[in-house]
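Asks: Curious how this folds, go ahead:
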Amino acid sequence: MSARILIVEDHADLRHLIRMMLEFDGYEIYEASDASEGLEMVHRVRPHLLVLDIMLPGGMNGLDLCRLLKTNPALGLPAVVLVIARGQPRDIEAGLAAGADAYLVKPFNSMKLLEIVKRLCEKSAH
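Replies: From the prediction side, this is the model:
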């Protein structure tokens with residue numbers, strides 16, 4: 001069984017690009033365009049990992065969703081890779097403090113994303 005990955009990203013083009021990269025590597029992919037929809041998808045599909053943008057529209061941002069996922073065992077405690085638009089140290093620190101397992105700064109290298117996803121999915125399988 002392949003790992004289930006949820007991409008939560010409001011930019012459809014980037015979401016599609018990430019989806020294509022991960023599907024090519026054999027992952028089962030789900031998508032959401034904001035944190036509220038992402039939370040609904042977490043309840044529905046129980047992903048092993050989220051690729052989660054920090055800056056999302058609506059009342060909940062990516063950091064809020066990450067904190068919620070990491071403090072609520074009923075949600076399955078999936079691994080979280082945060083996608084950060086600005087590589088400022090405070091943004092990275094905030095992401096790690098929210099419980100993120102890893103982060104990528106936009107624009108990111110696709111090979112780096114695949115490497116992180118593979119490592120975290122293997123870790124969660126043990």
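
Asks: secondary structure element for residue 31?
Replies: Assessed by DSSP states H and E, residue 31 sits inside strand 28-32.

Asks: Just checking: what are the partner strands of that strand?
Replies: Strand 28-32 sits in its sheet next to strand 4-8 (parallel), going by DSSP bridges.

Asks: Touching the strand it pairs with from outside, list them.
Replies: Strand 4-8 is contacted by residues 15, 18-19, 22, 27-35, 37-38, 41-42, 45-53, 56, 62, 65, 78, 117, 121 when judged by C-beta atoms under 8 Å, 6 or more residues apart in numbering. Where you see a C-beta, it was placed from the backbone N, CA and C, and this is true even at glycine.

Asks: Distance from the chain centre to that strand, please.
Replies: The gap between where strand 4-8 is centred and where its chain is centred comes out at 6 Å by C-alpha atoms, centre = their mean, to the nearest Å.

Asks: next one: stretch 57-64
Replies: That offset, for stretch 57-64, works out to 13 Å (C-alpha atoms, centre = their mean).

Asks: can you dump the C-alpha coordinates of that stretch into CSV?
Replies: Taking Å, rounded to 0.1, in the frame of the first residue of the first chain, the C-alpha atoms of stretch 57-64 are listed here in CSV:
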residue,chain,number,x,y,z
PRO,A,57,-6.8,31.9,2.7
GLY,A,58,-9.6,31.8,5.2
GLY,A,59,-9.7,31.8,9.0
MET,A,60,-7.0,29.1,9.6
ASN,A,61,-3.5,29.2,8.2
GLY,A,62,-1.0,26.4,7.7
LEU,A,63,0.6,26.9,11.1
ASP,A,64,-2.8,26.7,12.8
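
Asks: All set now, cheers.
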